[in-house]
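Peer 1: Build me a model:
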Amino acid sequence: MATGFFETASPLAQPLFAVLSLERDPLTVSSVLNWPVLRYYLLTVGSVTSLCLVLWFLFRGWKQVNKLSPGTKSAFIILALLALPMVCLDLFSLAQFTRPLWPGYDPENTPPAALASAIRPEWVNNLMAVSAVASILAVALPFLVNLPRLSFRRIYAIAKLSFKEAVRKRVLYAFTGLLLILLFGSWFIPSKSSDQIRTYVTVVFWAMTVILLMVSALLAAFGIPADIKSQSLFLIVTKPVERVEILLGRLLGYMSLLTLILIVLTGAGLLYILRGVSPEAAEESLKARSPLYGVLHYENTGSEREGDNVGREWNYRGYISGAASGANNAQPKAIWDFNSLPSALATRPKVTAEFTFDIYRTTKGYENQGVGIGMLFTTRNYDPEKLRLEREAREREGKPALTVDELAEKFGYFQPAASITFYDYSTGSVEVPGKLFANAQTGPEDKPPLVVTVTCKEVTQYVGMARYDFYFREDDTARGADTLRFSWNFAKASMGLWLRILLVTTLALVLSTYLSGVVSLLVALFVFLLGQFQDFLLALVLGRVSGGGPLENLSRLITNEVAGKQLENTALNNVIMNTDRVLREFLGGLLNFLPEVQSLSFTEYVSNGFNIGGSDLAANAIRTVAYLLPWLLLGYHALREREVAGPT
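Peer 2: Numbering: from 1, shown residues only. Reported below is the predicted structural model:
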C-alpha cells in the first residue's frame, strides 16, 4: 500500500516534510579511530608543536634546557632530534604557501599545499607521523614530568571555587531571555500542524545555543584575567599547585555549572514542546525514526553518481526524467543498494519505507496534483525469467495469480503499484512485506541483499532524490506518537550542544591564560565561527566560489562587474588574483586547525523526527576532545609563561 499526503480538510492537510539533508555521512567510531585519521591528526598537531620548538629554541636557547634534570634533559634532546623531520616539513610547507608567486605556477592543475599529505607516499607520511609524535612529546615533556604531582583534591577545590564565582557574577540572569520564549513563544511563533514540532524544536535549540555559548565564553574568557587583576591568582600559585591544576579546575567548575543549566533548560524546553504541540502534530512528528539507508546510484543519466543536473543552485539532489534517454533510449533510474539488512526486519509482517523526493517541473502540469513514480523492490534472489515462467504456467493451468507475500517470499519481488503519486515537499510511505526481507537474508554474496529502483512516470517532469531521501524504518511505526523516544532524542541533541559549550569554554579559557578577557572572548568566538563556516572556506580554497577569491570579489564589487565574467589581463588584476591564490593557500593550511562545529548540531535530526545515532554522537565526542587536548597543552605552557610565582 502506498500512502502520501493529499489535499483534505483535516488539520494535517499541509504536507509533512520529514527528511534529513545530509551533505556528509553520519560519523561512526570506526571512521575516527583508524590509522589514516590518527596519522592526519598527529601530522596536524605535530606541525604546530615542532614550530613551537623552533621558536622556543630561538628565544630561550639552551639556558632552559640546562636547568632540566639529567634524565629529562636527555629525553628532551632525543625527542627534539627526532622532531627535526617535522621541522623541515614545516619550513617546506610555509614555502609552499608562496607557490602562486613562483614562475611557471599552474593554478588549474596544482592542488592546495594543505592537501599534500594525501599526495605523499604512505611510508613518508608514516615516518612523518613518528616525527610528529616526537615533537608532541617534546612539548608535553614538562607536563608529563609533573604529572605524578597532580592532585585531584586541589583540582576539585579550584573547580568548587570557580563554580561559586560564576554564580556570583550574575551572568545567569541572561537565561531569563529563554524564560520569556518558553512563556510567550507560542504567541509569536507561527506554525502549521505539519511543521509545528519542527518550528518549536528549532526555536528552543536556537535560543539555548545562543545564550549558553555566549555565557560560557564570557565566564571562561574573564575568569583568569580577573584573578590576575585582583592578584588572587598570585596567592594560589605560591602554594604547591600545578599550573595545569588551575586550568583543569577552572574548566571543571565552569562546565559543572553550565551542565546543570543545560539539564534544566533541556527539561524546560522539552516540556514546552510537549505541552504546546497539537495532538495531530504529535501523531505525525513526535517520534524518533530509526532509518536504514542504502547506497544511491543512477542509471541512464548524465552521471552514475550525481544523476541529471537540472540547474538548481543547490546540487544536493540528482534528478531522473520520465523520458527515455541515452544511446540505448533507456529509462533513467535511481537505485538504492542495501548492503546490510537487520534480521529483525524479516520477522515483521510489514516494514515501512518512507521517501521524500523533489519535483522539477518542465511544464506546469495540473494544479494540486503530484507526480507519478514507479518503485520496485527486488532481492538478490530475484530472477525475472523464473518469475515470468511461473506466471505463464499459472495462467495456462488456470491457477490464481501469485499473492504479494508469495512474490516476496519465493521470488524476492515486490511492486506496490504501477504508479505511486507523491507531492513536492511531502513524505510518502510504502508498506513492504516482511517476507521480502526474509528472502533477502540468504543468496549470492556478490549481490546486494535488497535493491530499490525508482523511475519517473511523467515524461515532462524530473524527480530529484539524494541518498538520505529514501529509507526503511527500523523502529515500530505502529506506535504513532512516541514521547519517550522523542524525549531521549531531544536529550541526545542537548549532548551535542554540550560538546559545543565545552569547545567554546575551553578555547576562551586557554586564550585567557595569556590574553586579556575581551581579546580572549573575541578570538574564541571568531575561531568558533570559522569552524561553523568550514564548508565555505573549503570551497574558497578549492576555487569553487563564484567570482574568485576575496580580493577578486571585492574588486568586482567596486567595479560593478558580474561574477561570471573573466577579469581583464591587466597588471592590477594579476596582482589581485595572485594575492588571492596566496590567501587561499594560507586558508587551506588554516582549515586543518579549525574545529568541527556543524557536525555537533543535531537540531535537524530532532526537528524532523529522526533518531540521533549513538555512534555518531560518540564519534563527535572523541573528535571534539581530541581537538581540545592540544589547546589545553597550549594553555598549560601559556600559564607557565605568565609572570606569576609558582613551582612549575
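Peer 1: Mind checking the pLDDT average for stretch 379-392?
Peer 2: Average pLDDT, stretch 379-392: 93.
Peer 1: Please disregard the earlier target; I meant stretch 426-440.
Peer 2: For stretch 426-440, the per-residue pLDDT averages 91.
Peer 1: pLDDT at the spatially closest residue to Ile576 that is not a sequence neighbour, what is it?
Peer 2: With sequence-adjacent residues excluded and distances taken as CB to CB, 6 or more residues apart in numbering, Ile576 is closest to Leu551, at 4.8 Å. No exception for glycine: its C-beta is placed from N, CA and C like everyone else's. Note on Leu551: pLDDT of 82.
Peer 1: Remind me which helix or strand Leu551 belongs to.
Peer 2: According to DSSP states H and E, Leu551 maps onto helix 550-559.
Peer 1: And whichever helix or strand comes after that helix, what's buried?
Peer 2: Where DSSP H and E defines the elements, the next helix or strand beyond helix 550-559 is helix 571-591. Residues 573, 576-581, 583-589, 591 are the ones in helix 571-591 that count as buried (16 or more other CB atoms under 10 Å).
Peer 1: One more: stretch 65-78?
Peer 2: Buried residues in stretch 65-78, defined by neighbour count with 16+ other CB under 10 Å: 68, 75-76.
Peer 1: Could I get the contacting residues of Gly224?
Peer 2: One correction, residue 224 is Ile, not Gly. By CB atoms under 8 Å, 6 or more residues apart in numbering, the contact list for Ile224 reads 233, 246, 250, 509, 512-513, 639.
Peer 1: So what touches the longest strand along the chain?
Peer 2: Longest strand in the chain, counting residues (DSSP state E): strand 371-379. By CB under 8 Å, 6+ apart, the residues outside strand 371-379 that reach it are 2, 357, 359, 365, 412-422, 424, 430, 432, 436, 439-440, 443, 449-458, 461, 463.
Peer 1: now the next helix or strand after that strand, how far from the centre of its chain.
Peer 2: Sequence order places helix 384-397 as the next helix or strand after strand 371-379, per DSSP H and E. How far helix 384-397 lies from its chain's middle: 50 Å, per CA atoms, centre = their mean, to the nearest Å.
Peer 1: Show which residues not belonging to helix 384-397 make contact with it.
Peer 2: 399-402, 407, 411, 413.
Peer 1: let's go with 6 Å and repeat that
Peer 2: Residues external to helix 384-397 that are found in contact with it (CB atoms under 6 Å, 6 or more residues apart in numbering): Phe411.
Peer 1: what comes up buried for it?
Peer 2: For helix 384-397, burial by neighbour count (16+ other CB under 10 Å) applies to 387, 390.
Peer 1: Now do that helix against strand 371-379, angle only.
Peer 2: Going by axes from the mean of the first three to the mean of the last three CA atoms, to 10 degrees, helix 384-397 is angled at 100 degrees with respect to strand 371-379.
Peer 1: Asp197 belongs to a helix?
Peer 2: Check again: residue 197 is Ile, not Asp. Yes: counting by DSSP: H, G, I helix; E, B strand; the rest coil, Ile197 is part of a helix.
Peer 1: who's in contact with it?
Peer 2: So Ile197 contacts 277, 281, 285 (CB under 6 Å, 6+ apart).
Peer 1: Retrieve the pLDDT associated with it.
Peer 2: The per-residue pLDDT of Ile197 was computed as 82.
Peer 1: What's the local residue count around the nearest residue to it once chain neighbours are set aside?
Peer 2: Of all residues beyond its chain neighbours, the one nearest Ile197 is Ser285 (4.1 Å), with distances taken as CB to CB, 6+ apart. Residues lying near Ser285 (other CB atoms under 10 Å) number 24.
Peer 1: so how far is Leu629 from Ser285?
Peer 2: 39 Å (CB to CB, to the nearest Å).
Peer 1: and if you look at Ile77?
Peer 2: In this view, Ile77 and Leu629 are 25 Å apart by CB to CB.
Peer 1: likewise Glu397?
Peer 2: With distances taken as CB to CB, Glu397 is found 73 Å from Leu629.
Peer 1: Repeat that for Arg623.
Peer 2: Note on Arg623: its distance to Leu629, by CB to CB, is 11 Å.
Peer 1: the more surrounded of those two?
Peer 2: Using other CB under 10 Å as the criterion, Arg623 and Leu629 rank with Arg623 on top: 21 against 14.
Peer 1: Identify the residues contacting that one.
Peer 2: Val32.
Peer 1: and it, which of the three is it?
Peer 2: helix.
Peer 1: measure it to Leu258 for me?
Peer 2: 20 Å.
Peer 1: you'd agree Ser429 is in a strand?
Peer 2: Yes: according to three-state DSSP, Ser429 belongs to a strand.
Peer 1: Just give me the neighbour total for it.
Peer 2: 17.
Peer 1: quick one: low-confidence parts of the stretch 301-450 of the chain?
Peer 2: Filtered on pLDDT under 70, the stretch 301-450 of the chain yields the residue ranges 326-327, 365-368, 425.
Peer 1: Okay, helices next: where are they in it?
Peer 2: Secondary structure of the stretch 301-450 of the chain (DSSP state H, counting those that start in this stretch): helices at 384-397, 404-411, 434-440.
Peer 1: Any idea how far apart the tips of stretch 419-429 sit?
Peer 2: 13 Å (CA to CA, to the nearest Å).
Peer 1: List the buried residues for it?
Peer 2: 420, 422-424, 426-429.
Peer 1: Likewise for stretch 600-614?
Peer 2: Going by neighbour count (16+ other CB under 10 Å), the buried part of stretch 600-614 is 600-613.
Peer 1: Switch the helices of the stretch 301-450 of the chain over to JSON lines; also include distance to Ser555.
Peer 2: JSON lines is the format used below for these (distance: least, CB to CB, whole Å):
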{"stretch": "helix 384-397", "distance to Ser555": "61"}
{"stretch": "helix 404-411", "distance to Ser555": "63"}
{"stretch": "helix 434-440", "distance to Ser555": "58"}
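Peer 1: nearest to Phe528, of those helices?
Peer 2: For the helices of the stretch 301-450 of the chain, proximity to Phe528 was assessed by CB to CB; helix 434-440 is nearest, at 44.5 Å.
Peer 1: Packing partners of the closest one?
Peer 2: Here helix 434-440 touches helix 404-411, going by 3 or more CB pairs under 6 Å, 6 or more residues apart in numbering; DSSP states H and E.
Peer 1: between the helix it packs on and strand 371-379, how many degrees?
Peer 2: Orientation check (the same axes, to 10 degrees): helix 404-411 against strand 371-379 gives 50 degrees.
Peer 1: Can you tell me which helices and strands helix 404-411 packs against?
Peer 2: Right, helix 404-411 is packed against strand 428-433, helix 434-440 by 3+ CB pairs under 6 Å, 6+ apart.
Peer 1: ok, Gly548 to Thr356 distance?
Peer 2: Relative to Thr356, Gly548 is positioned 36 Å away (CB to CB).
Peer 1: Can you show me the strands along this protein?
Peer 2: Counting by DSSP E, the strands of the chain are 2-3, 291-293, 295-299, 318-321, 333-338, 350-355, 358-361, 371-379, 413-414, 420-422, 428-433, 450-456, 461-465, 470-473.
Peer 1: if you compare those strands, which one is most tucked away?
Peer 2: Mean neighbour count (mean count of other CB atoms under 10 Å) peaks for strand 318-321 among those, with a mean of 26.
Peer 1: on that earlier part again, when Gly548 and Thr356 are compared, which one has more neighbours?
Peer 2: Taking other CB under 10 Å, Gly548 and Thr356 do not tie; Thr356 has more neighbours (25 against 21).
Peer 1: Would you mind confirming that that one is in contact with Ser426?
Peer 2: No: using CB atoms under 6 Å, Thr356 makes no contact with Ser426, being 7.0 Å away.
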